[in-house]
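*Asks:* Compute the structure for the input listed below.
(one chain, ligands or ions: 1)
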Amino acid sequence: MTEKIEKLMSEVATLAAKSADEAEALRIKYLGRKGVLTVLMNDFRNVPAEQKREIGQKLNILKTAIQDKINELKEAAEVQQNAGSSIDLTRTPYPISLGTRHPLTIVKNEIVDIFSRLGFTLAEGPEVEDDWHVYSSLNFADDHPARDMQDTFFVESHPDIILRSHTSNVQSRVMEKTQLPIRILCPGRVYRNEAVSARAHCFFHQIEGLYIDKNVSFTDLKQVLLLFAQELFGPDTKIRLRPSYFPFTEPSAEMDVSCTICGGKGCSMCKGSGWLEILGCGMVDPAVLEANGIDSSVYTGYAFGMGIERIANLKYQVKDLRMFSENDIRFLDEFTSAN
Ligand code: PHE
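*Replies:* The predicted model follows:
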């Protein structure tokens, strides 16, 4: 028995395999159910008791030696096989690419951040809305052109239900159920029946602000908007307000900022004027306050609204509006944000 074990020990040391299959065949030959080692273990039963201890130890050493040798052969065969294939296990892995925030989200967060420091809180409302909250409660006359089929998307068979064409529906919803004073910011998606092109889309994003309290004046509005523009575009930014018209504000204005490219000297971005239009604003029309249950002899308020795509265009000079909704990763990867 001892002789057999010693012979096997030297045999095992010389074992070799050219492939994983050959190594497996050796495993079966030596360690399998009918393998050499199993036969030897069976013979062990007949070993006289006084030799059992010594031979048992030798058998164990032999078993470990066979197992180690076969594992070694298998590993070597695998490395060799991989070296011959196109898989290179030593190559460093591709870096895992993390997603980025969408440019519109980055700009929205920036705007929200500026106004939240001034005490504005977020409010949201439905995109599928009734006529009252989008138009009637905001002083749009029954025949106002914004209700026209060319502008508003109607829900077929429910002429009263529409896709909101501005975020002002949230103003109306907040006014009808919130205690005064109100100081809110409403970001959201809006829809208009426009042919999709580089400069127009059938949906885009707005952010709107509303402040109602006692003694709110146009001066407050102007100061808040100046601060906003300087926070967003830099401390040298100037603003100007031009008279305008919105059904829900009186007086109404459109605000321009000094050109973000040339600083006001005139360039192709501002078409030589030195100014870029960025938002609409005004004092909430007393008729709107009354329609929403607020006493206009006690309270006044201002509102402003802007397109987020427009602001993003000014910040990043995106030439084609469609880029914002196509989700081309090469475009999205261009943008990074701190939060
Ligand atoms: N709702 C207006 C629009 O969609 C923007 C606006 C909001 C203007 C608030 C004045 C005050 O064009």
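
*Asks:* what's the span of stretch 273-289 from first residue to last?
*Replies:* 37 Å (CA to CA, to the nearest Å).

*Asks:* got the buried residues for it?
*Replies:* 274-286, 288-289 (16 or more other CB atoms under 10 Å). Where you see a C-beta, it was placed from the backbone N, CA and C, and this is true even at glycine.

*Asks:* So which of those residues are in helices?
*Replies:* Pro286, Val288, Leu289 (DSSP state H).

*Asks:* what's near enough to touch the first one?
*Replies:* The contact partners of Pro286, taken as CB atoms under 8 Å, 6 or more residues apart in numbering, are Glu250, Ser296.

*Asks:* Kindly report the same for the second one.
*Replies:* By CB under 8 Å, 6+ apart, the residues touching Val288 are Ser137, Leu138, Asn139, Ser172, Met175, Phe248.

*Asks:* let's see 7 Å
*Replies:* Leu138, Asn139, Phe248 (CB atoms under 7 Å, 6 or more residues apart in numbering).

*Asks:* Most neighbours out of the residues you listed, which is it?
*Replies:* Leu138 (27 neighbours; other CB atoms under 10 Å).

*Asks:* For Ile61, see how far away that one is.
*Replies:* 92 Å (CB to CB, to the nearest Å).

*Asks:* what's the answer for Ala25, then?
*Replies:* Ala25 is 23 Å from Ile61, by CB to CB.

*Asks:* likewise Gly293?
*Replies:* In this view, Gly293 and Ile61 are 94 Å apart by CB to CB.

*Asks:* What of Arg189?
*Replies:* For Arg189, the distance to Ile61 - CB to CB - is 75 Å.

*Asks:* Check Thr92 too.
*Replies:* With CB to CB as the criterion, Thr92 and Ile61 are 41 Å apart.

*Asks:* higher neighbour count, the two?
*Replies:* Ile61 (12 against 6).

*Asks:* which SSE is the residue of the stretch 201-339 of the chain found nearest the ligand in?
*Replies:* Closest residue of the stretch 201-339 of the chain to the ligand, CB to the nearest ligand atom: Gly305 (2.5 Å). Take DSSP states H and E as the rule and Gly305 turns out to sit in strand 300-307.

*Asks:* now for that strand, which elements pack on it?
*Replies:* strand 203-213, helix 218-233, strand 275-284 (3 or more CB pairs under 7 Å, 6 or more residues apart in numbering; DSSP states H and E).

*Asks:* TSV for the ones you listed, including distance to Ile182 and mean pLDDT?
*Replies:* As requested, the helices and strands packed on strand 300-307 are arranged in TSV below (distance: least, CB to CB, whole Å; pLDDT from 0 to 100):
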stretch	distance to Ile182	mean pLDDT
strand 203-213	5	97
helix 218-233	14	97
strand 275-284	10	97
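
*Asks:* could you dump these to TSV with distance to the ligand?
*Replies:* Putting those into TSV (distance: least, CB to the nearest ligand atom, whole Å) gives the following:
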stretch	distance to the ligand
strand 203-213	5
helix 218-233	10
strand 275-284	3
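
*Asks:* Kindly tell me how buried the residue of the stretch 101-250 of the chain found nearest the ligand is, as a neighbour count.
*Replies:* The minimum distance from the stretch 101-250 of the chain to the ligand, using CB to the nearest ligand atom, falls at His166 (3.3 Å). A count of neighbours around His166, defined by other CB under 10 Å, yields 23.

*Asks:* ok, it touching Arg189?
*Replies:* No: with contacts counted by CB atoms under 7 Å, His166 stays clear of Arg189, the gap being 10.8 Å.

*Asks:* Quick check: the spatially closest residue to Tyr135 that is not a sequence neighbour vs Ala200, distance?
*Replies:* Excluding the flanking residues, the one nearest Tyr135 by CB to CB, 6 or more residues apart in numbering is Arg147, at 5.9 Å. According to CB to CB, Arg147 and Ala200 sit 19 Å apart.

*Asks:* With neighbour numbers in mind, choose between these two.
*Replies:* The neighbour comparison of Arg147 against Ala200 (other CB under 10 Å) goes to Arg147, with 19 against 12.

*Asks:* that older thread, pLDDT score for the residue nearest to Tyr135?
*Replies:* At Arg147, the model reports a pLDDT of 81.

*Asks:* next one: phi and psi at it?
*Replies:* phi -80, psi -10 (degrees, to the nearest 10).

*Asks:* thought it was touching Val134?
*Replies:* No: the criterion here is CB under 7 Å, and Arg147 misses it with Val134 at 8.8 Å.

*Asks:* can I get the CA coordinates of stretch 67-87 in PDB?
*Replies:* The C-alpha coordinates for stretch 67-87 follow below in PDB (Å, rounded to 0.1, in the frame of the first residue of the first chain):
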ATOM      1  CA  GLN A  67      -6.500  18.000  -6.000                       C
ATOM      2  CA  ASP A  68      -3.900  20.800  -6.000                       C
ATOM      3  CA  LYS A  69      -2.300  19.500  -9.200                       C
ATOM      4  CA  ILE A  70      -5.500  19.200 -11.100                       C
ATOM      5  CA  ASN A  71      -6.700  22.700 -10.000                       C
ATOM      6  CA  GLU A  72      -3.400  24.000 -11.200                       C
ATOM      7  CA  LEU A  73      -3.700  22.300 -14.500                       C
ATOM      8  CA  LYS A  74      -7.200  23.600 -15.000                       C
ATOM      9  CA  GLU A  75      -6.300  27.200 -14.300                       C
ATOM     10  CA  ALA A  76      -3.300  27.000 -16.600                       C
ATOM     11  CA  ALA A  77      -5.400  25.600 -19.400                       C
ATOM     12  CA  GLU A  78      -8.000  28.400 -19.000                       C
ATOM     13  CA  VAL A  79      -5.400  31.100 -19.100                       C
ATOM     14  CA  GLN A  80      -4.000  29.600 -22.200                       C
ATOM     15  CA  GLN A  81      -7.400  29.300 -23.900                       C
ATOM     16  CA  ASN A  82      -8.200  32.900 -23.200                       C
ATOM     17  CA  ALA A  83      -4.900  34.100 -24.500                       C
ATOM     18  CA  GLY A  84      -5.800  32.500 -27.800                       C
ATOM     19  CA  SER A  85      -9.200  34.100 -27.900                       C
ATOM     20  CA  SER A  86     -10.200  37.800 -28.300                       C
ATOM     21  CA  ILE A  87     -11.000  38.200 -24.600                       C
END
